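Here's my sequence, what's the structure:
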Amino acid sequence: MATMIRIHLDLVVMIFLGIFSSGGCEVCVANKSCVLPCRFQAGQEVVIHWIYLDSTDEATVHSYYHSRDQLEYQNQDFRSRTRLFMQQIAEGNASLLLSGVRLKDQGRYKCYTSTSTRNAESFVNVQVEAPVDEVHIQQLGSQVSCRAEGIYPEPQLTWSTWPPSSLSPDQEPSVQVTPEQLYTIRSSLTLDHTSSTTQDGSYSCTVGTASSSRTATLFLKASLTSSSEVTIPCTSWGLDLDLVWRFNHTEVILRRTSSSRDVSESWRQQVEQASPSGDLALKDLEPRHSGFYTCTLSNNVTQTHLTVHASGDSRPNVGIIAAIFIVLGVLAIAVGGVALMKRRQKAKRKERRKEEVPLQD
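Numbers count the residues shown, from 1 in each chain. Now for the predicted structure:
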């Protein structure tokens, strides 16, 4: 029994030591800065060495001794990207700040510390991720396209629609890998043209990995018509000040941030206001302003097709109608006056003829 207990205790110790020696795990975000933690018992004559272990030869990441950085032997891949917290070294903090994190920074790091009284080492396993930061969605012709880039690990892409429909992607999402091993993913849907122009609908594209996910939604509004003034809706969930309105997908009408509001020179006569929720009020419109109006708030896009009629085409002009009635009235009076004059002249001629006939004896 004692032997079995000893074996079990030995096994527990081995498991504990295995977990301890494996070190902590730190998840770092690509292109950002990341802190690799390391603590030691403070003392005199501090020496710090950070070593990258996942390479053919151990790579020196950062060294410190004689009270200053010693970077003569620093590996080229880490040059100008590492820093210690100098003010905290005396307190036992040997943590490393790694900036501009790259995917190839993934791996196992050793933090070796030494003082006049003791030596120690700890390990950090670094995992690098490039989360889904932004999803781009837009309609071009009869297709709705979705794209996201700069992602790691490989993402997945899914579609959803409202109201629910049987639409499915034209093909499997296209996935490409950049030289930096970051992923770009694309997909598209072909719309039912009739329903997309006669009723409201939304198309949502979700791109995600195991640890991050983003959804972009395209709201297609039924077509609007106007002769001069109109307010075009922008669908949003809450008040977001980062707003962009575009005409025909590319021409910027208005940009708004938390600190500024800028209307393009060519649209200053037409833009009346943009509401806190993003709706765009336009005035003095002409037929040349017919087209697609797109509102972008965060990852949400609202697209509306507007048809602008000339003023006389969309509703009758009251002034013109009144003038027409006046002219018709004048003409009627004139025609009636002429007819009356003719009747009087005819009556006078009859009387003259009677007077001219001689009397018979």
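
ok, the residue nearest the centre of the chain - contacts?
Compute the mean C-alpha point of the chain, and by Cα atoms, centre = their mean the closest residue is N299, 3.5 Å away. By Cβ atoms under 8 Å, 6 or more residues apart in numbering, the contact list for N299 reads 134-135, 137, 214-217. C-beta here means a position set from N, CA and C on the backbone, and glycine is covered the same way.

tell me the two of those that are most distant?
E134 and T217 (13.3 Å; Cβ to Cβ).

Give the buried residues for stretch 107-121.
109-115 (16 or more other Cβ atoms under 10 Å).

just curious, which of those residues is nearest to R261?
Lowest distance from R261 to the buried residues of stretch 107-121 (Cβ to Cβ) belongs to Y109, with 47.3 Å.

Enumerate every residue touching the closest one.
36, 50-53, 61, 96, 123-126.

What's the PyMOL line that selects buried ones from those residues?
Buried members of the contacts of Y109, defined by 16+ other Cβ under 10 Å, are picked up in PyMOL with:
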select buried, resi 36+50+51+52+61+96+123+124+125+126
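
Strands - which of the contacts of Y109 land there?
Mapping the contacts of Y109 onto strands (DSSP state E) picks out 36, 50-52, 61, 96, 123-126.

Quick one: those residues as a markdown table, columns for distance to C28 too.
Output for the ones in strands among the contacts of Y109, formatted as a markdown table (distance: Cβ to Cβ, whole Å):
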| residue | distance to C28 |
| --- | --- |
| L36 | 8 |
| W50 | 14 |
| I51 | 17 |
| Y52 | 13 |
| V61 | 14 |
| L96 | 11 |
| F123 | 15 |
| V124 | 10 |
| N125 | 11 |
| V126 | 6 |
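
Give the single residue among the contacts of N299 positioned nearest to D242.
E134 (11.8 Å).

contacting residues around the closest one?
148, 214, 299.

where does the second one fall, phi/psi-wise?
When quoted as degrees, to the nearest 10, the phi and psi of R214 stand at phi -140, psi 150.

Report the beta-bridge partners for it.
On the basis of DSSP bridges, R214 is bridged to V207.

tally of neighbours for it?
If you count neighbours by other Cβ atoms under 10 Å, R214 ends up with 18.

Would you mind confirming that V29 is in contact with E129?
Yes: judged on Cβ atoms under 8 Å, V29 makes contact with E129 at a distance of 6.1 Å.

measure Q76 to K110 for me?
19 Å (Cβ to Cβ, to the nearest Å).

Which residue ranges of the chain form helices?
2-22, 193-198, 311-314, 318-356 (DSSP state H).

Going by mean pLDDT, which of these comes out lowest?
Here the lowest mean pLDDT among the helices of the chain goes to helix 2-22, at a mean of 37.

what's near enough to touch the closest residue to S188 other than its chain neighbours?
Nearest residue to S188, sequence neighbours excluded (Cβ to Cβ, 6 or more residues apart in numbering): S145, at 4.4 Å. Contact analysis of S145 by Cβ under 8 Å, 6+ apart lists 137-139, 186-188.

tell me the least confident of these?
Least confident of those in the model: Q139, at 85.

And for that one, nearest residue in space, chain neighbours not counted?
Q303 (5.6 Å).

Then P37?
Per Cβ to Cβ, 6+ apart, closest to P37 is S95, 4.9 Å.

and the one you found, what pLDDT?
In this prediction S95 is given a pLDDT of 98.

In contact with it: list those residues for me.
35-39, 84-85, 88.

Recalculate using a threshold of 7 Å.
S95 makes contact with 35-38, 85, according to Cβ atoms under 7 Å, 6 or more residues apart in numbering.

repeat for P173
157, 185-187.

Max pairwise distance over those: which two?
L157 and R186 (8.1 Å).

between the ones in strands among the contacts of Y109, which is nearest F292?
Closest to F292 out of those is V126 (46.0 Å), distances taken as Cβ to Cβ.

Any figure for the gap between that closest one and L84?
With the distance defined as Cβ to Cβ, V126 ends up 17 Å from L84.

Thought A94 was touching V35, still the case?
No: counting by Cβ atoms under 7 Å, A94 is not a contact partner of V35; they are 11.4 Å apart.

Looking at those two, which has the bigger crowd around it?
Higher neighbour count among V35 and A94: A94, with 25 against 13, using other Cβ under 10 Å.

What sits closest to that one if chain neighbours are left out?
C38 (4.2 Å).

Pull up the per-residue confidence for that neighbour.
On the pLDDT scale, C38 is placed at 98.

What of S116?
Predicted confidence (pLDDT) for S116: 95.

what do you get for S226?
89.

next one: S168
Looking at S168, the pLDDT reads 81.

now T206
97.

residues contacting it?
So T206 contacts 158, 213, 215 (Cβ under 7 Å, 6+ apart).

Next: L218.
So L218 contacts 137-139, 144, 202-203, 301, 303 (Cβ under 7 Å, 6+ apart).

Ok, Q70 next?
Counting by Cβ under 7 Å, 6+ apart, Q70 touches 63-64.

now do 6 Å
Q70 makes contacts with S63, as judged by Cβ atoms under 6 Å, 6 or more residues apart in numbering.

could you pull out the strands for the stretch 201-350 of the chain?
201-208, 213-226, 230-232, 243-247, 251-256, 261-263, 271-274, 280-282, 291-297, 300-308 (DSSP state E, counting those that start in this stretch).
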